[in-house]
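Chemist: All I have is the shape, not the residue letters:
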């Protein structure tokens, strides 16, 4: 888990950041497959349990960063559930 934050609506946001130096193997977000999503959800559940955030609304985002000849950053809000 790279970032845990609250947005302006007080929604708890768990963010996975993926960086690549090229698109040779696909976009960075494509690395967040179902297995990785499951791991992220487990971490989020543990965090919420440990911090007694039982009824807290939650969102899972991905931030893609490409660093190469061209550089860009893309924030995918609500990337998975």
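Modeler: Right, received. Where do you want to start? Please read these numbers as outputs of a predicted model, since none were measured by experiment. Residues are numbered from 1 along each chain as shown.

Chemist: only C-alpha atoms for contact and neighbour calcs from this point on.
Modeler: Will do.

Chemist: just for this protein, where's the confidence low?
Modeler: The chain contains no residues with pLDDT under 70.

Chemist: Would you map the helices across it?
Modeler: For the chain, the helices defined by DSSP state H cover 34-50.

Chemist: As a quick check, tell me the outermost residue of it.
Modeler: Distance from the C-alpha centroid of the chain, by Cα atoms, centre = their mean, peaks at residue 69 (24.7 Å).

Chemist: which phi and psi does that residue have?
Modeler: Note on residue 69: backbone dihedrals following degrees, to the nearest 10 are phi -60, psi -40.

Chemist: And it, how close does it get to residue 20?
Modeler: Per Cα to Cα, to the nearest Å, residue 69 is found 12 Å from residue 20.

Chemist: what's the closest non-adjacent residue to residue 75?
Modeler: Counting by Cα to Cα, 6 or more residues apart in numbering, residue 75 lies nearest to residue 63, which is 4.5 Å off, once chain neighbours are set aside.

Chemist: Does the one you found touch residue 72 like I think?
Modeler: No - contact criterion Cα atoms under 8 Å: residue 63 and residue 72 do not qualify, at 10.4 Å.

Chemist: More neighbours: which of these two?
Modeler: residue 63 (19 against 9; other Cα atoms under 10 Å).

Chemist: Quick check: bridge partners of the more buried one?
Modeler: Here residue 63 shows beta-bridge partners residue 17, residue 75, assigned using DSSP bridges.

Chemist: show me what contacts it?
Modeler: With contacts defined as Cα atoms under 8 Å, 6 or more residues apart in numbering, residue 63 is in contact with 15-18, 29, 73-76.
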